[in-house]
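J.: Got a sequence here, can you model it:
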Amino acid sequence: MKDTKVQWHPGFVAAMNLELAKNREDLIFVKEYNLNTKPLEIDLLVIKKEKDASIDNEIGRIFRGHNIWEYKSPQDHLNIDTFYKVGAYAGLYKSYGETVDSIKADDVTVSLVRDAKPEELFKYFEEHRYTITSPCNGVYYIEGAVLFPTQIIVTKELERDAHIWLKALSDRVEKQDMEELLKRISGLTEQGDRELADSVLEVSAQVNMQVLEELKGEGNMSDALLEIFMPIVEPLVEARIEPIIEARVEARIEPIIEKRVLKRGLNEGLREGLKEGLKKGIQSTVKVLRDLGHEDVEIRQVIQKQYELSDEEVAKYV
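T.: The predicted model follows:
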């Protein structure tokens, strides 16, 4: 799936809310904060309510009163021009205070977030004698020619237990990370937290379907995890097979009924797959669709798209 279809930024805002959940009462989160006109937009502004509030999360240790966040999706570049652009945004934000110097320069910080380490940018820092320190895995403080305290967060390097919400925002999530994400979501009790977590999972699921297929293929998901998994995955599966269904039902007399029946058969097979393992799930999907009167050519197309099978693998089932 192309990155342009994935809404990464809402997932990032949700992840940051969950990352800093212990200090949520001390902070104000302002997403897509407009500096002036629409193009001048901060991805996330985090404001400390009280100057002396202590932030528990290590990515928030740098926090002052006003904290500017820039998020880059896995396919976005984080280069020296982006670095200076975000610094300029922070400068504009400081200059837009209600009165002259009402926002102090030493009360502003800048944070940039990306999945992988921007090697060329770090090379530039070294060549131009910036000082780089790393207080913990995945967090880099940049000192030198910067107007404000600045850090770069490399989510791939963050510790899984401490930062699963940000680590999940990757198109190369490891199976252990996805398992931890699902387990962490299952432990949430507050409705607001569950909604934020669902936003993170939805983004991660869109670009990591193969990892989810592996997890469900092992057949050892608990009922609690299945309850989390199914509402997120079913719409994604339906979106992938929608063109196939549309093309097939055009020639049918009752396309609306036919479409509903095909989706029902597919979802029944998917549920069986989650409970019994990938192989049995595919077999169940084939059986259900065949019992509903669908032809083999249609069944082959559906399972190939749904389960991302090769022609040789499809031949084993139909």
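
J.: any low-confidence regions in the protein?
T.: Within the chain, the set of residues satisfying pLDDT under 70 comprises 1-5, 35-40, 216-278, 280-281, 292, 306-308.

J.: So which residues of it form strands?
T.: Ranges of strands in the chain, per DSSP state E, are 27-34, 41-48, 66-72, 108-114, 131-136, 139-143, 150-154.

J.: Reformat these as JSON lines; add mean neighbour count.
T.: In short, each C-beta sits where N, CA and C put it, glycine included. As requested, those are exported to JSON lines (neighbours: other C-beta atoms under 10 Å):
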{"stretch": "strand 27-34", "mean neighbour count": "15"}
{"stretch": "strand 41-48", "mean neighbour count": "19"}
{"stretch": "strand 66-72", "mean neighbour count": "23"}
{"stretch": "strand 108-114", "mean neighbour count": "23"}
{"stretch": "strand 131-136", "mean neighbour count": "12"}
{"stretch": "strand 139-143", "mean neighbour count": "17"}
{"stretch": "strand 150-154", "mean neighbour count": "22"}
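
J.: May I see these arranged in JSON lines, with distance to Met209 as well?
T.: Shown next, in JSON lines, are the strands of the chain (distance: least, C-beta to C-beta, whole Å):
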{"stretch": "strand 27-34", "distance to Met209": "27"}
{"stretch": "strand 41-48", "distance to Met209": "26"}
{"stretch": "strand 66-72", "distance to Met209": "22"}
{"stretch": "strand 108-114", "distance to Met209": "22"}
{"stretch": "strand 131-136", "distance to Met209": "31"}
{"stretch": "strand 139-143", "distance to Met209": "30"}
{"stretch": "strand 150-154", "distance to Met209": "24"}
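
J.: For Ser186, which of these is the nearest?
T.: Closest approach to Ser186 among those (C-beta to C-beta): strand 27-34, 24.3 Å.

J.: Report the angle between the closest one and strand 66-72.
T.: If you take axes from the mean of the first three to the mean of the last three C-alpha atoms, to 10 degrees, strand 27-34 sits at 60 degrees to strand 66-72.

J.: ok, the nearest residue to Trp165 once chain neighbours are set aside to Ile303 distance?
T.: Distances taken as C-beta to C-beta, 6 or more residues apart in numbering place Ala15 nearest to Trp165, at 3.9 Å, with adjacent residues excluded. Applying C-beta to C-beta, to the nearest Å, the value for Ala15 to Ile303 is 33 Å.

J.: swap in Leu27?
T.: Taking C-beta to C-beta, one finds Leu27 at 47 Å from Ile303.

J.: One more: Ile47?
T.: Per C-beta to C-beta, Ile47 is found 50 Å from Ile303.

J.: can you check Asp76 too?
T.: Asp76 sits 34 Å away from Ile303, going by C-beta to C-beta.

J.: can I have stretch 21-28 written out in CSV, keeping just the CAs?
T.: What follows is stretch 21-28 as a C-alpha-only set of coordinates in CSV (Å, rounded to 0.1, in the frame of the first residue of the first chain):
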residue,chain,number,x,y,z
ALA,A,21,-0.3,9.6,29.5
LYS,A,22,1.2,9.8,33.0
ASN,A,23,1.6,13.5,32.6
ARG,A,24,-1.5,14.2,30.6
GLU,A,25,-2.9,16.4,33.4
ASP,A,26,0.2,18.6,33.2
LEU,A,27,0.1,19.1,29.4
ILE,A,28,-1.9,20.6,26.6
